[in-house]
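Student: Here is my input; please provide its structure:
(chains A, B, C and D)
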2 protein chains.
Amino acid sequence: MSIKYGLLALLQRGTMYGYQLRTSFEESTGGTWPLNIGQVYTTLSRLERDDLVRSLPEHDGGQRPYEITDAGRAELATWFATPIGRGDRPRDELAIKLALALTTPGVDVPGIIQAQRTATMRMLQEYTRMKQRTAGPADLSWRLVLESMIFQAEAEVRWLDHCEASLARHAPLPTPPPATAPETVHDKEKTA
Amino acid sequence: MSIKYGLLALLQRGTMYGYQLRTSFEESTGGTWPLNIGQVYTTLSRLERDDLVRSLPEHDGGQRPYEITDAGRAELATWFATPIGRGDRPRDELAIKLALALTTPGVDVPGIIQAQRTATMRMLQEYTRMKQRTAGPADLSWRLVLESMIFQAEAEVRWLDHCEASLARHAPLPTPPPATAPETVHDKEKTA
DNA sequence: TGCGCCTCGCATACCGGGTATGCATACTCC
DNA sequence: GGAGTATGCATACCCGGTATGCGAGGCGCA
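Tutor: So this is what the prediction gives:
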């Protein structure tokens, strides 16, 4: 859904044709989310069908530039004005995975958490390295997108740690470390 | 992509038919991500086509239960063993929105940030209320999913605050508070 | 200078995920 | 006991995304 409004926002800056839209979109997000060229054309045709954009006569090189309409401008304004709600988010595959792993027999849940944690930490390091290479206010958009991913990854690591602790409380490992006693258990209603 | 493996995980616990799969999936995530019944059937037919599940003879009531195959068990095991990578995540609509708003003329970026911040805070309060209602280790999966969303929402609020600050540094507001001087500017290379 | 390969700009076909809709049975209430 | 309603199930259709097809222009080489 976001590419529809993304193209509208780009066309608000001026008329553009397909490939320009793709490159502009990818530039503003630093190539984080590559946009397929086919998707650009299908979205443009749908936008034209809904009278949100208008196609201009072909250029010399065969490029068909598009121009935003008044209805498109209005639609874009409402998108900008409306906050992203709860139902708009896609399913979190990691949360689903862990939730299902808990009730699936024969699954090493602590192992999954550990593996995911190292993977996320690696991503985090890569993001930080990218951020250090970014300099200058010209890339402000790109830096904000990058920092968004950094914040999310940090939250994911924190959540994984939390899961690990909460899991150790409720279902002690098959081979717990024998030397140290498990930390104080808070829940009173143990089922076993 | 996650529902394919979700159904496989549920079928690992035993044979089930369509509606059972849907209700079990929704139960384990506390109804956070409602699963459309149509999607269950199409996914089941694809899974059967790929020999990951096998359909059993119809029940009395007309329900067709499904059973996981050995190939399905292997596929599920690799899904559990492989961490979620960077490219698997969907586009973050909020990040795209802000990144594009920065370079679109006639957009009130601080207003967008403020509106999103209050909306996310409201979601956060709702999540916390839900969490307080959840008690007992029976809902462990559901509580972890809920906490995942809490952690993400908190990260989003932090990111929005960060954006606001970084934005105020780079592009001062059109109508700054006249009484107090803007805080120390760190960037040396102002373009203007 | 003419021929062929490659790259690039552009468009389309197909597939997977999701929602709305249709259909039959069971159940309830008058 | 019959109409209305809820539930279990299946299908049709729409939208987003990827892979593929297609033509024009650039460039090496004889």
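
Student: rest of the way, CA atoms for contacts and neighbours
Tutor: OK.

Student: Show me where chain A has its strands.
Tutor: Secondary structure of chain A, counting by DSSP state E: strands at A:53-55, A:66-68.

Student: Test my guess that A:Phe102 contacts B:Trp142.
Tutor: One correction, residue A:102 is Leu, not Phe. No - if you go by Cα atoms under 8 Å, A:Leu102 and B:Trp142 don't touch, sitting 10.4 Å apart.

Student: Which one's more surrounded, those two?
Tutor: More crowded of A:Leu102 and B:Trp142, by other Cα atoms under 10 Å in any protein chain shown: B:Trp142, with 24 against 17.

Student: Could you double-check that the more buried one sits in contact with A:Leu100?
Tutor: No - assessed by Cα under 8 Å, B:Trp142 is found out of contact with A:Leu100, at 9.9 Å.

Student: what's the pLDDT at the closest residue to A:Arg86 other than its chain neighbours?
Tutor: With sequence-adjacent residues excluded and distances taken as Cα to Cα, 6 or more residues apart in numbering or on different chains, A:Arg86 is closest to B:Met123, at 7.1 Å. Listed pLDDT for B:Met123 reads 90.

Student: now B:Met123: how far from DNA strand D?
Tutor: Computed as Cα to the nearest atom of the strand, to the nearest Å, the B:Met123 to DNA strand D distance reads 25 Å.

Student: Likewise for A:His162?
Tutor: 31 Å.

Student: Counting neighbours, what do you get for A:Gln132?
Tutor: Residues lying near A:Gln132 (other Cα under 10 Å) number 9.

Student: Would you mind stating the distance between it and A:Glu126?
Tutor: Remark: distance between A:Gln132 and A:Glu126 (Cα to Cα, to the nearest Å) = 10 Å.

Student: so what's the spatially most central residue of chain A scoring on pLDDT?
Tutor: Central residue of chain A (Cα atoms, centre = their mean): A:Met149, 7.3 Å from the mean position. With respect to pLDDT, A:Met149 has a value of 92.

Student: so what's it up against?
Tutor: A:Tyr127 (Cα atoms under 8 Å, 6 or more residues apart in numbering or on different chains).

Student: can you state the direction angle for the helix ranked longest in chain A and helix B:140-170?
Tutor: The longest helix of chain A (DSSP state H) is helix A:140-170. Computed by axes from the mean of the first three to the mean of the last three Cα atoms, to 10 degrees, the angle separating helix A:140-170 from helix B:140-170 equals 150 degrees.

Student: So which bits of helix A:140-170 are buried?
Tutor: Judged by neighbour count (16 or more other Cα atoms under 10 Å in any protein chain shown), helix A:140-170 contains these buried residues: A:140-160, A:163-164, A:167-169.

Student: repeat for stretch A:26-40
Tutor: With burial defined by 16+ other Cα under 10 Å, the residues of stretch A:26-40 counted as buried are A:26-30, A:32-33, A:40.

Student: now for those, which pair is the farthest apart?
Tutor: A:Gly30 and A:Val40 (17.6 Å; Cα to Cα).

Student: Is it correct that A:Tyr127 is in contact with A:Leu146?
Tutor: Yes - between A:Tyr127 and A:Leu146 there is a contact under Cα under 8 Å: 6.8 Å.

Student: what about the helices in chain A?
Tutor: A:2-12, A:18-28, A:37-49, A:70-81, A:93-102, A:109-133, A:140-170.

Student: how close does the spatially closest residue to A:Arg64 that is not a sequence neighbour sit to B:Cys163?
Tutor: Once flanking residues are discounted, A:Arg64 sits nearest to A:Glu58: 4.6 Å by Cα to Cα, 6+ apart. Using Cα to Cα, A:Glu58 is found at 40 Å from B:Cys163.

Student: ditto for A:Glu75
Tutor: 24 Å.

Student: same deal with A:Val157?
Tutor: 22 Å.

Student: what's the domain layout of chain A?
Tutor: A:2-81, A:93-170 (automatic domain parsing).

Student: nearest to B:Arg64, of the helices of chain A?
Tutor: Proximity of the helices of chain A to B:Arg64 was assessed by Cα to Cα; the nearest stretch is helix A:93-102, lying at 22.7 Å.

Student: so where is chain A shaky, pLDDT-wise?
Tutor: A:59-62, A:135-138, A:171-192 (pLDDT under 70).

Student: Point out the residues in it that sit beside DNA strand D.
Tutor: Within chain A, the positions lying close to DNA strand D (Cα under 7 Å from any atom of the strand) are A:1, A:3-4, A:35-39, A:43, A:46, A:61.

Student: And the furthest pair within these?
Tutor: Across the residues of chain A next to DNA strand D (Cα to Cα), the longest gap, 30.3 Å, separates A:Met1 and A:Gly61.

Student: Comparing those two, which shows the higher neighbour count?
Tutor: A direct count of neighbours by other Cα under 10 Å for A:Met1 and A:Gly61 places A:Met1 higher, at 9 against 6.

Student: Tell me who's in contact with A:Ala99.
Tutor: Counted by Cα under 8 Å, 6+ apart, A:Ala99 has contacts B:28-29, B:141-142, B:144-145.

Student: now swap in A:Ser24 and tell me
Tutor: Per Cα under 8 Å, 6+ apart, neighbours of A:Ser24: A:Leu10.

Student: Try it again at 6 Å.
Tutor: Shown in contact with A:Ser24 (Cα atoms under 6 Å, 6 or more residues apart in numbering or on different chains): no residues.

Student: quick one: A:Asp50 and A:Arg122, what's the gap?
Tutor: A:Asp50 is 43 Å from A:Arg122, by Cα to Cα.

Student: ok, now A:Leu102?
Tutor: 25 Å.
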